[in-house]
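1. No letters, just coordinates:
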């Protein structure tokens with residue numbers, strides 16, 4: 001899986017993740033839908049889908065429907081899960097505003113080991129909600145002020 005991922009650019013990953021995400025609901029998609037979801041021109045989307053077809057990730061015929069191949073499904077699922085793991089972590093530490101944008105910035109540059117540890121941490125927090133509550137208190141403005149000014 002890691003070797004396949006290295007062949008993909010960040011942009012290719014974004015397209016594949018979005019195709020996978022949409023396929024969970026619709027099963028397939030068209031170029032116009034994909035370009036709207038990614039906020040790019042249909043011509044750019046067509047070029048990228050052609051690259052993904054050449055890489056064996058999607059099955060697409062000109063003016064047709066985009067389907068994921070088994071290889072594309074496998075990698076798309078990984079990309080989708082990676083996104084969700086990072087987004088859940090950011091929300092856990094209190095990053096709710098722009099969490100999607102922050103996730104996009106992180107997800108293409110994270111190592112498998114770090115991702116695995118973040119995933120474990122997310123599960124730890126779910127099983128230990130008091131830990132999250134303690135963290136929220138720890139990072140409150142009052143607590144930060146007290147730690148910054150220990151004599152007060």
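-> Alright, I've got the coordinates. Everything numeric here is computed off the predicted structure, so don't read it as measured data.
2. Contacts made by the helix or strand where residue 32 lies with the rest, please.
-> Assigned by DSSP states H and E, residue 32 belongs to helix 31-38. If you take CB atoms under 8 Å, 6 or more residues apart in numbering as the criterion, helix 31-38 is touched by 14, 15, 18, 19, 22, 41, 42, 44, 45, 46, 49, 66. Backbone N, C-alpha and C define where each C-beta goes, glycine included.
3. Same check on stretch 108-115?
-> 2, 10, 13, 82, 85, 86, 118.
4. Among these, name the ones in helices.
-> Mapping those onto helices (DSSP state H) picks out 2, 10, 13, 82, 85, 86, 118.
5. where does the second one land on pLDDT?
-> What the model reports as pLDDT for residue 10 is 92.
6. Now do the same contact list for it.
-> Listed by CB under 8 Å, 6+ apart, the contact set of residue 10 reads residue 108.
7. Tell me how far it lies from residue 107.
-> 9 Å (CB to CB, to the nearest Å).
8. Mind listing what's buried along stretch 68-77?
-> Judged by neighbour count using 16 or more other CB atoms under 10 Å, the buried positions of stretch 68-77 are 68, 69, 72, 73, 75, 76, 77.
9. Report the distance from the helix or strand harbouring residue 22 to the chain centre.
-> According to DSSP H and E, residue 22 maps onto helix 10-26. A distance of 10 Å separates the centroid of the chain from that of helix 10-26, by CA atoms, centre = their mean, to the nearest Å.
10. cool, stretch 82-96 as well?
-> 10 Å.
11. Show me where this protein has its helices.
-> Secondary structure of the chain, counting by DSSP H: helices at 2-7, 10-26, 31-38, 42-54, 70-92, 99-107, 112-127, 129-138, 141-148.
12. Could you list the low-pLDDT ranges of this protein?
-> By pLDDT under 70, the weakly predicted segments of the chain are 1-6, 143, 145-152.
13. With that, I have no additional questions.
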